[in-house]
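Chemist: Fold the following for me, if possible:
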Amino acid sequence: MITETIPIREGEELEEQKIIPFIKKHLKDIPDDVPIQIKQFRAGRSNLTYLIQIGKWEAVLRRPPIGPVAPKAHDMVREYTILKEIHQYFPQAPTPYLLADESVIGRPFFLMERKKGIVLDEQMPENITPTKQLGRQLSQKMVDTLVQLHSIDYKNTKLVTMTKPEGFLERQVYGWIKRYELAKTEDIPQVERVKKWLTSNIPKPTEPTIIHYDFKLNNIMFDYKLNEIIGVFDWEMTTVGDPLADLGVAVSYIIEKNDSSLLKWPDEKGAITTMPGFMTRREFIESYAKKSGRDVEHMNFYLTFAFFKLAGIVQQIFYRYKKGQTKDERFRNMNQYVKNLLWYAAELTTKKF
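Modeler: Model (predicted):
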């Protein structure tokens, strides 16, 4: 059985002697003279998350990865502020508790509510039997939640002053091209073809909304009966922009039973989304279009860009491993997955949704 938390990985330890006094100083009702436990959450390949338990009190601590990070990435202050703004309209976002600047441990971090439920990551829980009805229900809840997020009027939040919707797609395309190049560790032939196609095919953007921009199963928590989504995590990339870009990212994480091997992680045996009933990428997009009323005619661009963006994210992670900035062995073969994603993105440039 896969557990939610693990012992802290080597090299990713927290400075408990600095963090615990800071928490007790700034938060009320934190018990004294009781056992303190710190564990690391298993999921996540970018920012680091930890479970802090002081007696019966619990919170989740989120901090940037160890070592140098890409410019403007892993901005804990921004993510904390976004959570404060969004939580009041979207209760699935965890309640933020406390923000610490770099004076405490050298990097900003924040504390937030710990939600309890089921995160579907590597496999279905042992006590739950996958059925076609369950797979369809989980997919539909994801569609409904994405539509719900996109229906929030961002003009009622501080995101108005934190974001710049105008020119969003252009900045994203050229920005992720630049990020990929900065993290490049080898030459991959398909990159130039994908870059040229993306920059030549940017569509007219859809009316901007709040977008999560990393909406996928292991960033989502269902209740224990898998009936409702009670948590959505990892708001680092959240902004105001084209909701179809958010949709493209969401479906780029869907693996179908008959998919190309290019879409599988190295050594991956399967994916939850290949089980009976889960929506295909096309079904997810069509359901979203029906629920939201948005035109999805140009989804091939958004999908191609989503796979290129995912390749860029994975490449940044592999770059940190390659440079010895992390010892996490999960990252050893990520360069192969980057190649796969770029091959697949290149194939998409010749197709139409």
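Chemist: Domains in the protein, by residue range?
Modeler: Per the record, the chain has its domains at 5-112, 132-348, by automatic domain parsing.
Chemist: mind checking which helix or strand of this structure has the lowest mean pLDDT?
Modeler: Least confident element among the helices and strands of the chain, by mean pLDDT, DSSP states H and E: strand 5-6 (a mean of 82).
Chemist: what's in contact with the helix or strand following that one?
Modeler: Beyond strand 5-6 in the direction of the C-terminus, DSSP states H and E gives the next helix or strand as helix 16-26. With contact meaning CB atoms under 8 Å, 6 or more residues apart in numbering, helix 16-26 is reached by 30, 32, 36, 38, 52, 54, 59, 61, 98, 100, 104-105, 109, 111. C-beta here means a position set from N, CA and C on the backbone, and glycine is covered the same way.
Chemist: do you know how far residue 37 is from residue 307?
Modeler: Distance, residue 37 to residue 307, by CB to CB, to the nearest Å: 39 Å.
Chemist: So which of the two has more stuff around it?
Modeler: Neighbour count, other CB atoms under 10 Å: between residue 37 and residue 307, residue 307 has more, with 24 against 11.
Chemist: Validate this expectation: the more buried one resides in a helix.
Modeler: Yes - under DSSP: H, G, I helix; E, B strand; the rest coil, residue 307 falls within a helix.
Chemist: wait, what's in contact with it?
Modeler: 252, 341, 342, 344, 345, 348.
Chemist: three-state assignment of residue 161?
Modeler: Quick answer, by three-state DSSP: residue 161 is helix.
Chemist: Now do it against residue 241, distance only.
Modeler: Distance of residue 161 to residue 241, computed by CB to CB: 15 Å.
Chemist: Now residue 99: which helix or strand?
Modeler: Here residue 99 sits within strand 96-100, counting by DSSP H and E.
Chemist: Give me the pLDDT value at the residue nearest the centre of the chain.
Modeler: In the chain, the residue lying closest to the centroid (CA atoms, centre = their mean) is residue 214, at 3.4 Å. In this model, residue 214 is scored at 95, pLDDT.
Chemist: Could you confirm it falls within a helix?
Modeler: No - Residue 214 is assigned coil when assessed by three-state DSSP, not a helix.
Chemist: Does it touch residue 239 like I think?
Modeler: No - Residue 214 lies out of contact with residue 239 (CB atoms under 8 Å); the separation is 11.2 Å.
Chemist: Which residues are in contact with the closest residue to residue 257 other than its chain neighbours?
Modeler: Excluding its sequence neighbours, the residue lying closest to residue 257 (CB to CB, 6 or more residues apart in numbering) is residue 274, at 4.5 Å. Neighbouring residues of residue 274 by CB under 8 Å, 6+ apart: 255, 256, 257, 259.
Chemist: go on, residue 198?
Modeler: Residue 198 makes contacts with 173, 177, 301, 304, 305, 308, as judged by CB under 8 Å, 6+ apart.
Chemist: do the same with residue 218
Modeler: Applying CB under 8 Å, 6+ apart to residue 218 gives the contacts 43, 44, 119, 120, 121.
Chemist: The first one: neighbour count?
Modeler: One way to gauge burial is a neighbour count; for residue 43, by other CB under 10 Å, it gives 16.
Chemist: Please report the distance of it from residue 120.
Modeler: Taking CB to CB as the measure, residue 43 falls 10 Å from residue 120.
Chemist: Of the contacts of residue 274, which is the most crowded?
Modeler: When neighbours are taken as other CB under 10 Å, the top entry among the contacts of residue 274 is residue 255 (18 neighbours).
Chemist: Quick one, grab the pLDDT at it.
Modeler: pLDDT, residue 255: 91.
Chemist: cool, and the one 3 residues further on?
Modeler: In the predicted model, residue 258 carries a pLDDT score of 86.
Chemist: Can you pull the phi/psi pair for it?
Modeler: Backbone torsions for residue 258, taken as degrees, to the nearest 10, come to phi -100, psi 20.
Chemist: Spatially nearest residue to residue 11 (excluding sequence neighbours)?
Modeler: Closest residue to residue 11 apart from its sequence neighbours, by CB to CB, 6+ apart: residue 327 at 5.0 Å.
Chemist: so where does the residue nearest to residue 8 when sequence neighbours are not counted fall, helix or strand?
Modeler: With sequence-adjacent residues excluded and distances taken as CB to CB, 6+ apart, residue 8 is closest to residue 40, at 4.6 Å. Per DSSP H and E, residue 40 falls inside strand 36-41.
Chemist: Tell me how far the following helix or strand past that strand lies from the chain's centre.
Modeler: Using DSSP H and E, the helix or strand that follows strand 36-41 towards the C-terminus is strand 48-54. Centre-to-centre, strand 48-54 and its host chain are 19 Å apart (CA atoms, centre = their mean, to the nearest Å).
Chemist: Now strand 48-54: average pLDDT?
Modeler: 94.
Chemist: CA atoms of that strand as PDB?
Modeler: Provided in PDB are the C-alpha atoms of strand 48-54 (Å, rounded to 0.1, in the frame of the first residue of the first chain):
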ATOM      1  CA  LEU A  48       8.600  20.300  -1.400                       C
ATOM      2  CA  THR A  49       5.700  19.700   1.000                       C
ATOM      3  CA  TYR A  50       5.800  18.500   4.600                       C
ATOM      4  CA  LEU A  51       3.300  17.400   7.200                       C
ATOM      5  CA  ILE A  52       3.800  19.300  10.500                       C
ATOM      6  CA  GLN A  53       2.200  17.700  13.500                       C
ATOM      7  CA  ILE A  54       2.500  19.300  17.000                       C
END
